[in-house]
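Colleague: I would like the atomic coordinates for the input below:
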Amino acid sequence: MRILLTNDDGYHAPGMAVLEAIARQLSDDIWVCAPSEEQSGAGHSLTLSYPVRVRQHGERRWSCTGTPTDSVMIAIGKLMPEKPDLILSGVNRGANLGDDITYSGTVSAAIEGALAGIPAIALSQVYAREGMGDTVPFGAAEAWGAKVLAPLLAMRMAPRTLINVNFPAVHADAVRGIRVVRQGFHDYSRGSIVEGIDPRGYTYYWFGLHGIEHSLGADSDLEAIDAGYISVTPLQLDLTHDASLAALRSAYQG
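Modeller: This next block holds a predicted model:
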């Protein structure tokens, strides 16, 4: 099985080493292409206004100056002789839960794989404290990663779908199990925007995620993580709200 690894924290991020260790429990045919710098919050963005440059770090290993989406597209379209059988994105430093997935470069890399018809899974490690940087503990992901992936690889994913996995912010021994759950949602009205003054006297704004209220709906990824479970959520690329189609068609009939 040929596996392509990518992320949004950057090629040298600690979570990439964790992801590779997980992947090597499944296959020895591993390829890596990830952004050269952190691209958290990049979403499903594509670089169009300037060239993307690729640097090789070894056999089957590259970084690129673009986004997670760029990384997957370049790997599939230029660097790999054949399409991979699986794309794994992560392990992200921090949660990708609820509607945060719309901002997530980690999830968007998996989305790009799904668009290309390749099974794709995003993996993220939740952490409990602010400002941990590269000291975020990945113990739950390291211990449980291959266990979570094995059943997913044994089944056939529906076309244009992907899987979003989050590991709770607890010691590996304290993980209560795995739950297959829905995507939750947040209350972004309570999100934080930090205002400051730069050294030249100009105002700047720094967007943050702390302070955002979690709506812990039953059977949601937010609820599962809060309870100490690993969350596994199937996502689809079709964003059409089918329930509104009839009403909208009626509104345009003259």
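
Colleague: for the stretch 51-200 of the chain, what spans make up the strands?
Modeller: Assigned by DSSP state E, counting those that start in this stretch, the stretch 51-200 of the chain shows strands spanning 54-58, 61-64, 86-93, 120-125, 161-167, 178-180, 185-187, 192-197.

Colleague: starting at the chain centroid, how far to the second one?
Modeller: Here the centre of mass of C-alpha atoms in strand 61-64, compared against the chain's by Cα atoms, centre = their mean, to the nearest Å, lies 18 Å away.

Colleague: again with the third one
Modeller: Mean-position distance between strand 86-93 and its chain equals 6 Å (Cα atoms, centre = their mean).

Colleague: likewise for the fourth one?
Modeller: Taking Cα atoms, centre = their mean, one finds strand 120-125 lying 5 Å from the centre of the chain it belongs to.

Colleague: okay, the angle between it and strand 161-167?
Modeller: Here strand 120-125 points in a direction 10 degrees away from that of strand 161-167 (axes from the mean of the first three to the mean of the last three Cα atoms, to 10 degrees).

Colleague: could you do the first one as well?
Modeller: Put simply, strand 54-58 runs at 60 degrees to strand 161-167, going by the same axes, to 10 degrees.

Colleague: list the buried ones in strand 54-58?
Modeller: Buried positions in strand 54-58, judged by neighbour count with 16 or more other Cβ atoms under 10 Å: Val54. Bear in mind the C-beta positions are built from the backbone N, C-alpha and C, glycine included.

Colleague: rewinding a little: where among the strands of the stretch 51-200 of the chain is average confidence lowest?
Modeller: Note on these: lowest mean pLDDT is at strand 185-187, with a mean of 73.

Colleague: pull the longest helix from this structure.
Modeller: The helix that spans the most residues within the chain, counting by DSSP state H, is helix 139-154.

Colleague: buried residues, it. List them.
Modeller: 139-142, 144-145, 148-149, 153.

Colleague: for stretch 100-116, same thing?
Modeller: 100-101, 103-115.

Colleague: would you mind measuring from Thr233 to Lys78?
Modeller: 31 Å (Cβ to Cβ, to the nearest Å).

Colleague: how about low-confidence regions in the stretch 1-150 of the chain?
Modeller: Counting by pLDDT under 70, the ranges of the stretch 1-150 of the chain that qualify are 129-134.

Colleague: thinking again about what came up before, tell me which two of the buried residues of stretch 100-116 sit farthest apart.
Modeller: Asp100 and Leu115 (20.2 Å; Cβ to Cβ).

Colleague: still on that earlier bit, return the closest of the buried residues of helix 139-154 with respect to Ala174.
Modeller: Ranked by distance to Ala174 (Cβ to Cβ), the buried residues of helix 139-154 are led by Ala140 at 8.3 Å.

Colleague: quick one: that closest one from Tyr229, how far?
Modeller: The gap separating Ala140 from Tyr229 is 10 Å, by Cβ to Cβ.

Colleague: now do the shared contacts for these two.
Modeller: Residues touching both Ala140 and Tyr229 (Cβ atoms under 8 Å, 6 or more residues apart in numbering): 168, 175.
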